[in-house]
Each structure stands twice: as C-alpha cells, then as structure tokens.
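Trainee: mind folding the following:
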Amino acid sequence: MARRAVIRTGGKQALVAEGDVFEVELLEAEPGGEVRFDDVLMLVDGADSRIGAPGLEGVSVSAKVLEQTRGKKVRTVFFRRRKDSMSTKGHRQNYHRVKITGIKVD
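Mentor: Numbers count the residues shown, from 1 in each chain. From the prediction side, this is the model:
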C-alpha cells in the first residue's frame, strides 16, 4: 500500500497519495512551480499510521502546480415577495490544480 497523508489547505482537508491530482484553493504559486504543505494531520504508511494533535512534526507533502483554473459558476438569488424585487449574483472560485510529487518524513 502506498504512503498516504491527510493535509489541510484552504480550510479543507484532503487525503492524498503520491501521483494524485486535485484542486485546492488558490495558492501563492505560479503554474509550473512547486508548493509544500506542512500542515499534515495524519500519515498512513502501510499498516503503520500516525495521527497528529493537531499536526505532525517533520512531515511535509510536496506538490507541483499544474494550472490555475476556475470552478463552476454559483448563482444566488435574493427575492423579496410581493415587492416585484429580485436580484441575482454569480461567483466563480479560483483554484490551483496540483499534482502530489512526494510525501517526506524526517
């Protein structure tokens, strides 16, 4: 079984393994650059697992930024009944698509 880790980024948690490609909230990195996640909450290495309280010391996950993308449009509607009043707003979240290149344990 491959080494897996639970990381926290952008206020969310993700279970990742080497070679995984997924989207995270916008980071301060350019496409093609490297990024490192130091906030590792759990590490699973075969039958051995370590859980941090709240994070693990000496464990980091490195990733390569593949591209910057945007999510699907989310529409919100604000409606006032019996007033002939309605407004709509839209939002598209910016994301970085990253590929996990390694999980390092010191």
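Trainee: tell me what the helix or strand of the chain with the lowest mean pLDDT is packed against?
Mentor: Lowest on mean pLDDT, DSSP states H and E among the helices and strands of the chain sits strand 48-51, with a mean of 92. Here strand 48-51 touches strand 40-45, going by 3 or more CB pairs under 8 Å, 6 or more residues apart in numbering; DSSP states H and E. The C-beta positions use only the backbone N, C-alpha and C, and glycine is treated the same way.
Trainee: got a list of contacts for the strand it packs on?
Mentor: The contact list for strand 40-45 (CB atoms under 8 Å, 6 or more residues apart in numbering) reads 1, 3-8, 13, 49-52, 54-56, 59-61, 103, 105.
Trainee: let's go with 7 Å and repeat that
Mentor: 3-8, 13, 49-52, 54-56, 59-61, 105 (CB atoms under 7 Å, 6 or more residues apart in numbering).
Trainee: in strands, which of these appear?
Mentor: Cross-referencing these against strands under DSSP state E gives 3-8, 13, 49-51, 59-61, 105.
Trainee: looking at those, which one is closest to Lys72?
Mentor: Proximity of the ones in strands among the contacts of strand 40-45 to Lys72 (CB to CB) peaks at Gln13, which lies at 21.4 Å.
Trainee: was I right to think Leu66 contacts Arg97?
Mentor: Yes: between Leu66 and Arg97 there is a contact at 4.6 Å, judged by CB atoms under 7 Å.
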